[in-house]
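Novice: Structure, please.
(2 chains)
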2 protein chains.
Amino acid sequence: MSVLALAGGVGGAKLANGLAAILPPGTLTVAVNTGDDFEHMGLLICPDLDSVTYALAGMNNTELGWGVAGESWTFMDATARLGGETWFRLGDRDLATHILRRQLFQQGSLSTATDDIRRRLGIVQRIVPMSDDPVRSIVSTDRGDLSFQDYFVRYKCVPRFLSIHFEGAETAKPSAGLLAALDDPALEAIILCPSNPLLSIAPILAIPGIRERLAGRTVPCVALSPFISGQAVKGPAAKIMAELGIAPTPSAVAAHYDGLIDGLVIDTADAAAIPGERPALFATDILMRDPADQQRLGGEVLDFARSLT
Amino acid sequence: MSVLALAGGVGGAKLANGLAAILPPGTLTVAVNTGDDFEHMGLLICPDLDSVTYALAGMNNTELGWGVAGESWTFMDATARLGGETWFRLGDRDLATHILRRQLFQQGSLSTATDDIRRRLGIVQRIVPMSDDPVRSIVSTDRGDLSFQDYFVRYKCVPRFLSIHFEGAETAKPSAGLLAALDDPALEAIILCPSNPLLSIAPILAIPGIRERLAGRTVPCVALSPFISGQAVKGPAAKIMAELGIAPTPSAVAAHYDGLIDGLVIDTADAAAIPGERPALFATDILMRDPADQQRLGGEVLDFARSLT
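Specialist: Have a look, this model is predicted:
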């Protein structure tokens, strides 16, 4: 049996790590948002792929919440002395990934580079980009259109969020790895990780065919709410939804994924949040403080999905 | 008045730094060997340009004898974890130069990138590559033809040196900066720095027109011997010359530069090494232990060159 998880950055990486730990090697595919990717300093930066990869390799920086554990910043200091760009922080350890990926990418594709890196780090589950075609998330704000990293890192989500679109998505093809996971006869569940629905999962669903494949699914699809008591666990999701006039609640998540999911995992704080029969609800402690939480939640999510078969 | 110095790596960088310190800002041009340059990990590595730039910025690593002072190796450690290439050591600080240079190079040329970097580091003298066309030093050895860095770093000069040639030199043009320095009506001297004559100065002389320009010079040209008492001050020059059956002596240097120089600076240990009138000899302490030595020797070299006018 196999499982497909769709993931964005940190929240997605945490659940993916929990699923990876309890599923047999080679049976989990994590398909990752690449809408946040960007060219920077001549390198290809893939924040969500890195978050998932570092989490599954056990080398993620839990203090910062992003990047590599035990990171140092000597390269950034030297770049500052040279008057270079320092708004996007590239750690000395992280840089090794970016330099290697650029080389592997130029010899192959983002898929082959991603797969090569996860193997080099001893990761036994599959990590695939949502697409090998470039897709770039563009945030329309009251200060104009901003590339995702400009909005997210350079301007720290301060501009008012008006809408988001995914440049290149219309003509992008799903990656071979994502299609293989969807077509796997052994597939038993699809999990939408607790990543930002608008910023991180939406780009994946914008790849032509993916939303249709999920709508026409033959196995249970379960999403996790990224909200607890009207607050985003991490990141700007609650601020953005407030700016859009959408309450950051399980109901809003259920409406956003309408027709795509059979079940929704919510926090016990939000239990009984959604009246009605669809999607089915499972309430538990969804805050993942450590790998033990990640495994516990991963197991609960899998049990819940299997119960919906 | 202006001065042109032709330089390779560390020895050349030391004298260049001494000359830079005593010449008025903007009156020294250091034209640097690029035959050692190579593509590595998707970056353009220019060892001799960096040695000269770091020395003139006062940021060279005097303990290692190459690279940046206060260097750290976290990037290399992370690269090793990823199973990447570690035979060529790239420090965290050094990497900032390579990343920036690649960007500047892609927007311009090696000349504009080199000039931009030296300005960012507050260097008030000019540093120019010998050419903007790629020239690559290839060492023929008893283990076959080796790129320079393979010979020098990967195999630590152990293979027997048979000959060297400079791939691309035949069709390379001198850089605009080197030509401008040669054509400067205010030029008063040309200095061949105490870099390896065969490995570091020869590639510069191999650029069509440069040897001819030096042979037809109208200002004094002075070389410095890189040898003291039959030993190279640094690097593999003595081993190579021994393998070629050439004694590492001032006489050999004078013969190598025959017709190109008016004067030769040698160590007091080698005084009276060359009988005859040409080139004129000046014996002094040529070992540069620190910036004070560099300035003292730079001043002596300039005085000697001016005495030959």
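
Novice: Tell me where the stretch 151-300 of chain A has strands.
Specialist: Secondary structure of the stretch 151-300 of chain A by DSSP state E, counting those that start in this stretch: the strands cover A:161-167, A:187-192, A:221-224, A:227-228, A:231-232, A:263-267, A:280-284.

Novice: Which of these comes out lowest on mean pLDDT?
Specialist: Of all these, the minimum mean pLDDT falls on strand A:231-232 (a mean of 80).

Novice: Strand partners (parallel or antiparallel) of that strand?
Specialist: Sheet pairing of strand A:231-232 (DSSP bridges) gives strand A:227-228 (antiparallel).

Novice: Quick one: residues in contact with stretch A:164-183.
Specialist: Residues outside stretch A:164-183 that contact it (Cβ atoms under 8 Å, 6 or more residues apart in numbering or on different chains): A:2, A:4, A:29, A:31, A:35, A:110-111, A:115, A:126, A:128-140, A:187, A:198-199, A:202-203, A:206-210, A:213. Placement of C-beta: from N, CA and C, glycine included.

Novice: swap the cut-off to 6 Å and go again
Specialist: Outside stretch A:164-183, the residues that touch it by Cβ atoms under 6 Å, 6 or more residues apart in numbering or on different chains are A:4, A:29, A:31, A:35, A:111, A:128-129, A:131-139, A:203, A:206-207, A:210, A:213.

Novice: Return the subset of these lying in strands.
Specialist: The members of these that map onto strands under DSSP state E are A:4, A:29, A:31, A:128-129, A:136-139.

Novice: Let me have these in JSON lines, extended by neighbour count and pLDDT.
Specialist: Compiled in JSON lines, the ones in strands among the contacts of stretch A:164-183 are given as follows (neighbours: other Cβ atoms under 10 Å in any protein chain shown; pLDDT from 0 to 100):
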{"residue": "A:4", "neighbour count": "25", "pLDDT": "98"}
{"residue": "A:29", "neighbour count": "22", "pLDDT": "98"}
{"residue": "A:31", "neighbour count": "29", "pLDDT": "98"}
{"residue": "A:128", "neighbour count": "27", "pLDDT": "98"}
{"residue": "A:129", "neighbour count": "26", "pLDDT": "98"}
{"residue": "A:136", "neighbour count": "19", "pLDDT": "97"}
{"residue": "A:137", "neighbour count": "28", "pLDDT": "96"}
{"residue": "A:138", "neighbour count": "18", "pLDDT": "97"}
{"residue": "A:139", "neighbour count": "25", "pLDDT": "95"}
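
Novice: hmm, back to that, out of the strands of the stretch 151-300 of chain A, deepest packed?
Specialist: Highest mean neighbour count among the strands of the stretch 151-300 of chain A (mean count of other Cβ atoms under 10 Å in any protein chain shown): strand A:221-224, with a mean of 26.

Novice: What is it packed up against?
Specialist: In terms of contacts (3 or more Cβ pairs under 6 Å, 6 or more residues apart in numbering or on different chains; DSSP states H and E), strand A:221-224 is packed against strand A:187-192, strand A:263-267.

Novice: Neighbouring strands - and their directions - for it?
Specialist: Paired neighbours of strand A:221-224 in the sheet (DSSP bridges): strand A:187-192 (parallel), strand A:263-267 (parallel).

Novice: how about those, which one is nearest residue B:262?
Specialist: Among the strands paired with strand A:221-224, the nearest to residue B:262 by Cβ to Cβ is strand A:187-192 (78.5 Å).

Novice: Centre of the chain to the closest one, how far?
Specialist: The chain centre lies 15 Å from the centre of strand A:187-192; the measure is Cα atoms, centre = their mean, to the nearest Å.

Novice: now stretch A:125-136
Specialist: Relative to its chain's centre, stretch A:125-136 lies at 11 Å (Cα atoms, centre = their mean).

Novice: contacting residues around it?
Specialist: Residues outside stretch A:125-136 that contact it (Cβ under 6 Å, 6+ apart): A:20, A:28-35, A:52-53, A:109-111, A:114, A:118, A:166-169, A:172-175, A:177-178, A:203-204, A:207.

Novice: Can you select the buried ones from the residues you listed in PyMOL?
Specialist: Burial among the contacts of stretch A:125-136 is assessed by 16 or more other Cβ atoms under 10 Å in any protein chain shown; the matching PyMOL selection reads:
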select buried, chain A and resi 20+28+29+30+31+32+33+34+35+52+53+109+110+111+114+118+166+168+169+172+174+175+177+178+203+204+207
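
Novice: In helices, which of the contacts of stretch A:125-136 appear?
Specialist: Using DSSP state H, A:20, A:52-53, A:110-111, A:114, A:118, A:177-178, A:203-204 are the members of these that sit in helices.

Novice: who wins for proximity to residue B:8 among the strands paired with strand A:221-224?
Specialist: Proximity to residue B:8 (Cβ to Cβ) singles out strand A:187-192 among the strands paired with strand A:221-224, at 59.1 Å.

Novice: List the contacts of stretch A:261-277.
Specialist: Contacts of stretch A:261-277 (Cβ under 6 Å, 6+ apart): A:220-225, A:228-229, A:250-251, A:254, A:279-283, A:286, A:301, A:304, A:308.

Novice: tell me how far it is from the chain's mean position?
Specialist: Relative to its chain's centre, stretch A:261-277 lies at 21 Å (Cα atoms, centre = their mean).

Novice: got it, and stretch A:235-251?
Specialist: Centroid separation for stretch A:235-251 versus its chain: 17 Å, with Cα atoms, centre = their mean.

Novice: Quick one: mean pLDDT for it?
Specialist: Rounded mean pLDDT across stretch A:235-251 is 83.

Novice: Look at the residue nearest to residue A:23 when sequence neighbours are not counted and report its pLDDT.
Specialist: What sits nearest to residue A:23 in space, not counting adjacent residues and going by Cβ to Cβ, 6 or more residues apart in numbering or on different chains, is residue A:3, at 6.0 Å. Per-residue pLDDT puts residue A:3 at 98.

Novice: List the beta-bridge partners for residue A:3.
Specialist: Per DSSP bridges, the residues bridged to residue A:3 are residue A:28, residue A:189.

Novice: what's the burial count for residue A:289?
Specialist: Using other Cβ atoms under 10 Å in any protein chain shown, residue A:289 has 10 other residues around it.

Novice: Give me the contacts around stretch A:212-221.
Specialist: Residues from elsewhere that reach stretch A:212-221 (Cβ under 6 Å, 6+ apart): A:182, A:187-190, A:259-262, A:305, A:308-309.

Novice: Relative to the whole chain's centre, how far out is it?
Specialist: Centroid separation for stretch A:212-221 versus its chain: 19 Å, with Cα atoms, centre = their mean.

Novice: Please apply the same query to stretch A:205-213.
Specialist: 16 Å.
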